[in-house]
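I need the structure of the sequence given here:
(one chain, ligands or ions: 2)
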Amino acid sequence: MWGEEMYLTIDGVEKSFVHDGQDVKVLDNINLQVEKGSFVSIVGPSGCGKSTLLYLIAGLEKTDIGEIKVADKKVNKPGPERVVVFQESGLFPWLTVLENVTYGLQLKKMSKEEANEKARKILKMVHLSQYVDAYPHQLSGGMKQRVSIARALVMEPDILLMDEPFSALDEQTRMVLHQELLDIWRKTKVTIFFVTHNIREAVLLSEKIVVFATRPGKIKATIPVPTMKDGMPDSVTLNVEQRVLSILQEEIEKVLKEEMGDDYSLKTNHVHRDHSGDMGSHI
Ligand SMILES: Nc1ncnc2c1ncn2[C@@H]1O[C@H](COP(=O)(O)OP(=O)(O)OP(=O)(O)O)[C@@H](O)[C@H]1O
Ligand SMILES: [Mg+2]
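Residues are numbered from 1 along each chain as shown. Ligands and ions are numbered 1, 2, ... in the order given. Predicted coordinates:
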C-alpha cells in the first residue's frame with residue numbers, strides 16, 4: 001500500500017453535535033489537502049474539533065456536509081489504511097505485546113506465522129524486540145505507546161492518525177518517541193496527521209502546522225515548518241513557535257473570556273508559559 005500515490009482531501013466539511021437538544025456546530029467549512037507522505041500537525045484550543053476531524057478522517061464519525069477523500073476514494077467507514085493512535089495505548093491487557101500487534105492482522109485472516117513475522121519486524125523498529133512476550137502491565141507508559149504505534153504500523157496504513165499520542169508521557173520519554181516517530185516516518189513514508197496541544201512538538205515533528213480557531217472549529221492558518229538537513233537551529237524553532245502562538249493567542253483569549261468572564265486578558269494576567277511549549281489545560 002505504501003507504494004501507491006495517496007493523499008487526503010478534506011472538502012467543505014461541517015459537523016454538528018446535539019447538546020441540550022440543540023445542534024452545536026463543531027467544525028465549519030474545513031478545507032485541507034494533505035500530500036502523500038507528509039507530516040501535518042493540528043493545534044488549537046481545547047474543544048475546537050481537532051479530535052472530531054481526526055475521527056471523521058478515520059471514518060469513526062460521519063460528516064454532515066462536505067466530504068473526505070483518500071486517494072479520490074470517499075471515506076465513509078473505518079478502514080485499515082487509516083489507523084488511529086490514541087492518547088491512551090488501549091492495549092488488550094490479557095494479550096502479550098506480540099499478540100496485541102498481530103491482533104488486527106489475524107482479523108484480516110493472515111496466517112499466524114506471517115503475522116508474527118511482520119509484527120516482529122515492526123517491533124524491532126520501535127525497539128521492543130526484547131518485550132514481545134511481555135504483557136502491557138509489565139511495560140512503561142512510553143513502551144505501551146510504542147506498542148500501539150507498532151500495532152498501527154503493522155497494518156501498513158497510508159495515513160497514521162495520531163491524537164495527542166505522547167501527551168501523557170514525561171518530557172524525556174516524549175523526546176525519545178519523537179525521534180523514533182521521525183525515523184519511522186522517514187523509513188515507511190507513511191502520511192501522518194498529528195493532533196497535539198504542544199506547539200513545540202508540532203514544530204519539531206511536522207512539515208506543516210494547521211492552526212484551528214474555535215467555536216465552531218475552523219482553520220485559522222496553515223504554517224509551513226522549514227526543514228533543514230542538519231536539524232533546525234533553536235532560533236528557527238522558536239521563531240515558528242512564536243508565529244503559531246501569536247495566531248493562537250486571540251483564540252486562547254476567546255476561550256478564557258468565555259470561561260472566566262469578559263475582563264480576562266492573557267496580556268494583563270501574565271500567564272506563564274513553561275519551556276515545553278505546552279499550551280496548558282485551557283487550550
Ligand atoms: N460524540 C459527540 N457527541 C456530542 N458532542 C461531541 C462529540 N464529540 C465531540 N463533541 C463535542 O465537540 C466539541 C469538539 O470536541 P473535540 O473532542 O473534537 O475537541 P478537541 O479539539 O479535540 O479538544 P481537546 O483539545 O480538548 O481534545 C466539544 O464541544 C465536544 O463536547
Ligand atoms: Mg481532542
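
show me what contacts the nearest residue to Ser129 once chain neighbours are set aside?
Nearest in space to Ser129, with sequence neighbours left out and distances taken as Cβ to Cβ, 6 or more residues apart in numbering, is Leu123 at 5.8 Å. In short, each C-beta sits where N, CA and C put it, glycine included. By Cβ atoms under 8 Å, 6 or more residues apart in numbering, the contact list for Leu123 reads 97-98, 101, 129, 131-132, 147, 150.

ok, 6 Å please
129, 132, 150 (Cβ atoms under 6 Å, 6 or more residues apart in numbering).

the second one contacts Val97, doesn't it?
Yes: here Val132 lies in contact with Val97, judged by Cβ atoms under 6 Å, at a distance of 5.3 Å.

what about the two, which has more around it?
Per other Cβ atoms under 10 Å, whichever of Val132 and Val97 has more neighbours is Val97, with 27 against 17.

tell me the pLDDT at the more buried one?
As predicted, Val97 sits at a pLDDT of 97.

who are the contact partners of it?
131-132, 134, 147.

format those as JSON lines; extra columns: distance to ligand 1 and secondary structure.
Formatted as JSON lines, those follow (distance: Cβ to the nearest ligand atom, whole Å; DSSP: H, G, I helix; E, B strand; the rest coil):
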{"residue": "Tyr131", "distance to ligand 1": "30", "secondary structure": "helix"}
{"residue": "Val132", "distance to ligand 1": "32", "secondary structure": "coil"}
{"residue": "Ala134", "distance to ligand 1": "30", "secondary structure": "coil"}
{"residue": "Val147", "distance to ligand 1": "22", "secondary structure": "helix"}
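
of the residues you listed, closest to Glu114?
Distance to Glu114, by Cβ to Cβ, is smallest for Val132 among the contacts of Val97, at 15.7 Å.

so what's that closest one up against?
Taking Cβ under 6 Å, 6+ apart, one finds 97-98, 123 in contact with Val132.

and ligand 1, which of these reach it?
By Cβ under 6 Å from any ligand atom, no member of those lies near ligand 1.

quick one, strands of the protein?
Counting by DSSP state E, the chain has strands at residues 8-19, 22-34, 39-43, 65-70, 73-74, 82-85, 159-163, 191-195, 208-213, 218-224.

in the stretch 151-283 of the chain, where is pLDDT below threshold?
Residue ranges of the stretch 151-283 of the chain with pLDDT under 70: 229-230, 264-283.

tell me the phi and psi of the residue of it found nearest ligand 1?
Closest contact between the stretch 151-283 of the chain and ligand 1, by Cβ to the nearest ligand atom, is at His197 (6.1 Å). Backbone torsions of His197, given as degrees, to the nearest 10, read phi -90, psi -10.

send the alpha carbons of stretch 190-203 over as CSV?
Extracted in CSV, the C-alpha atoms of stretch 190-203 (Å, rounded to 0.1, in the frame of the first residue of the first chain):
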residue,chain,number,x,y,z
VAL,A,190,3.5,6.9,5.9
THR,A,191,1.4,10.1,5.9
ILE,A,192,1.0,11.4,9.4
PHE,A,193,-1.9,13.5,10.7
PHE,A,194,-0.9,14.5,14.2
VAL,A,195,-3.1,16.3,16.8
THR,A,196,-1.3,18.0,19.7
HIS,A,197,-1.6,20.6,22.4
ASN,A,198,2.1,21.1,22.3
ILE,A,199,3.3,23.7,19.9
ARG,A,200,7.0,22.8,20.2
GLU,A,201,6.1,19.2,19.5
ALA,A,202,4.3,20.3,16.3
VAL,A,203,7.2,22.4,15.2
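
contacts for that stretch, please.
By Cβ under 6 Å, 6+ apart, the list of residues contacting stretch 190-203 reads 36-43, 50, 54, 159-164, 185, 209, 225, 237, 240-241, 244, 277-279.
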